[in-house]
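Asker: no letters, just coordinates:
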């Protein structure tokens, strides 16, 4: 079964999908919302409204990543029209007049479709008029003989000079200065346009709904002849967004996410370093078997993979050959350097330096393995409790933010949890998948208040 999602808000307030249409209504889209959906090939996503300004807008790369999954993405009327005009050559499909105007260059500015609106509980009630609607209303006024084309153009230019949130027919008289027109003439024109309101955004949104109802299984980027380019590169940013959008199995949409649960294990589980190391060495052994034709599996095969790739020479039989292994020193503690077996040292190095791609760590791989486990479920509950506690603390104490917690206090908590000395803190951080001890301290900020008060949580 395929699913059809519609991201809609102030463009069509109060809209309810037709019965039997199979449309899942979602609020205006923001960054991460598409990746958070349980999308599979054949699903369809339709974007009308989207957040921006105070909330990060849905990025182009996120839409491309969804298209790469074989998902159809449609856009119209507002944010959807903008993104479709920018991405239609990559497979996104635009619908309606506003999309066509952006595509052909008749519209250029993003704020043409922007408006001020109320919160979700108000039904996203519009509190200003989008400029595209006002343009349509003025064009109708010209056709009705209410004003000249020159007057309409002067009004549009005056409206373009003020914030989108201040645009409305009721405030036309305030345009007298920038437009050079008489206040009375502007008031009469505004009243005429308000009485004969043209809503091209809503019309485009409803046309998109009709297409969505009729849309068959999608084909993503490969389903469109206009598509260009190969698979979307999985950049550091895309990997970060994908990891952040994951939710633990069975958890609500407001859960801080699977990555937050992973952070709890990463920061506070005594077993995490050994578990992480075992999974990384296993991953490297599989890669060696696939790419190098190596048959052995396990830690020795992972070490052999480094030899095959020219990272270091073949360890000697006694494990104490020094040539070619000076690079290990920054990756080991003093004790490991002095008394460790060479193979053990190389296993530690491979784990501590591991990246799937440049700048991309093992989070996704670990999440795939850990999400089904009971330990991960417990960590997910702890993560949710920590975030709730921190949020409640911020509301009850306006002077409190996690950014104001002294790094030294967090460092003391982590060292008490990890064991060892401050001198080895950087190595301990690497064992837990952090680039540095400072990065671990920053990652621990949302969890510090509750963990500090309840160390056994």
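Answerer: Ah, there it is. Only a predicted model underlies this, so the values are computations on that prediction, with no experimental measurement involved. Numbers count the residues shown, from 1 in each chain.

Asker: can you show me the strands along the protein?
Answerer: Residue ranges of the strands in the chain, as given by DSSP state E, are 4-7, 23-26, 44-47, 72-76, 93-95.

Asker: what is the burial count for residue 157?
Answerer: Close neighbours of residue 157, defined as other Cβ atoms under 10 Å, add up to 12. Using the backbone N, CA and C atoms, a C-beta is placed for each residue, glycine as well.

Asker: confidence score at it?
Answerer: At residue 157, the model reports a pLDDT of 94.

Asker: of the strands of the chain, which stretch is the most buried?
Answerer: Each of the strands of the chain was scored by mean neighbour count; the highest is strand 72-76, a mean of 28, by mean count of other Cβ atoms under 10 Å.

Asker: domain parsing of the protein, as residue ranges.
Answerer: Here the chain is described, according to automatic domain parsing, as comprising the domains 1-228, 240-246+257-269+363-453, 278-352.

Asker: lowest mean pLDDT across those domains, which one is that?
Answerer: Lowest mean pLDDT within the domains of the chain: domain 278-352, a mean of 84.

Asker: my guess is residue 103 meets residue 88, correct?
Answerer: Yes. The pair residue 103 / residue 88 is scored as a contact, 6.9 Å apart, by Cβ atoms under 8 Å.

Asker: neighbour count winner among those two?
Answerer: More crowded of residue 103 and residue 88, by other Cβ under 10 Å: residue 88, with 18 against 15.

Asker: returning to that earlier point: what residues do residue 103 and residue 88 have in common as contacts?
Answerer: When contacts are counted by Cβ atoms under 8 Å, 6 or more residues apart in numbering, the set common to residue 103 and residue 88 consists of residue 94.

Asker: quick one: residues contacting residue 142.
Answerer: Going by Cβ under 8 Å, 6+ apart, the list of residues near residue 142 reads 148-149, 152.

Asker: which one (most neighbours) among the residues you listed?
Answerer: Of all the contacts of residue 142, the most densely surrounded is residue 152 (21 neighbours; neighbours counted as other Cβ under 10 Å).

Asker: nearest residue to it other than its sequence neighbours?
Answerer: In this structure, residue 152 finds its nearest non-sequential neighbour in residue 138, 4.0 Å apart by Cβ to Cβ, 6 or more residues apart in numbering.

Asker: could you double-check that residue 151 sits in contact with residue 181?
Answerer: Yes. Using Cβ under 8 Å, residue 151 is in contact with residue 181, at 6.6 Å.

Asker: the closest residue to residue 31 other than its chain neighbours: neighbour count?
Answerer: With sequence-adjacent residues excluded and distances taken as Cβ to Cβ, 6+ apart, residue 31 is closest to residue 56, at 4.0 Å. By the other Cβ under 10 Å criterion, the neighbourhood of residue 56 contains 11 residues.

Asker: distance of residue 56 relative to residue 33?
Answerer: Taking Cβ to Cβ, to the nearest Å as the measure, residue 56 and residue 33 are separated by 10 Å.

Asker: likewise for residue 106?
Answerer: 29 Å.

Asker: show me which of the two is the more surrounded one.
Answerer: It is residue 33, of residue 106 and residue 33, that has more neighbours when counted by other Cβ under 10 Å, with 21 against 12.

Asker: now do the contacts for the residue nearest to the more buried one when sequence neighbours are not counted.
Answerer: What sits nearest to residue 33 in space, not counting adjacent residues and going by Cβ to Cβ, 6+ apart, is residue 58, at 6.6 Å. Residues counted as contacts of residue 58 (Cβ under 8 Å, 6+ apart) are 29-31, 33-34, 47, 50, 79, 83.

Asker: look up how far residue 279 lies from the closest residue in space to residue 349 that isn't next to it in sequence.
Answerer: Excluding the flanking residues, the one nearest residue 349 by Cβ to Cβ, 6+ apart is residue 331, at 4.7 Å. With distances taken as Cβ to Cβ, residue 331 is found 18 Å from residue 279.

Asker: what of residue 340?
Answerer: From residue 340 across to residue 279, the span is 21 Å (Cβ to Cβ).

Asker: what of residue 45?
Answerer: For residue 45, the distance to residue 279 equals 33 Å [Cβ to Cβ].

Asker: ranges for the helices of the stretch 351-457 of the chain?
Answerer: Counting by DSSP state H, counting those that start in this stretch, the stretch 351-457 of the chain has these helices, from start to end: 363-370, 374-396, 407-418, 425-431, 437-444, 448-453.

Asker: mind putting these into a markdown table with mean neighbour count and distance to residue 64?
Answerer: Rendered in a markdown table, the data for those read as follows (neighbours: other Cβ atoms under 10 Å; distance: least, Cβ to Cβ, whole Å):
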| stretch | mean neighbour count | distance to residue 64 |
| --- | --- | --- |
| helix 363-370 | 18 | 18 |
| helix 374-396 | 17 | 29 |
| helix 407-418 | 16 | 37 |
| helix 425-431 | 20 | 33 |
| helix 437-444 | 19 | 28 |
| helix 448-453 | 17 | 37 |
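
Asker: any idea which of the ones you listed gets closest to residue 128?
Answerer: Of all the helices of the stretch 351-457 of the chain, helix 374-396 sits nearest to residue 128, with 29.9 Å by Cβ to Cβ.

Asker: what's the angle from that closest one to helix 363-370?
Answerer: If you take axes from the mean of the first three to the mean of the last three Cα atoms, to 10 degrees, helix 374-396 sits at 120 degrees to helix 363-370.

Asker: and helix 374-396, what does it pack against?
Answerer: helix 258-268, helix 448-453 (3 or more Cβ pairs under 8 Å, 6 or more residues apart in numbering; DSSP states H and E).

Asker: still on that earlier bit, joint contacts of residue 151 and residue 181?
Answerer: In contact with both residue 151 and residue 181: no residue, using Cβ under 8 Å, 6+ apart.

Asker: chain center to stretch 83-102, what's the gap?
Answerer: How far stretch 83-102 lies from its chain's middle: 21 Å, per Cα atoms, centre = their mean, to the nearest Å.

Asker: how about it: buried residues?
Answerer: Across stretch 83-102, burial judged by 16 or more other Cβ atoms under 10 Å covers 83-88, 90-102.

Asker: in helices, which of the residues you listed fall?
Answerer: Among these, the members falling in helices (DSSP state H) are 83-87, 96-102.
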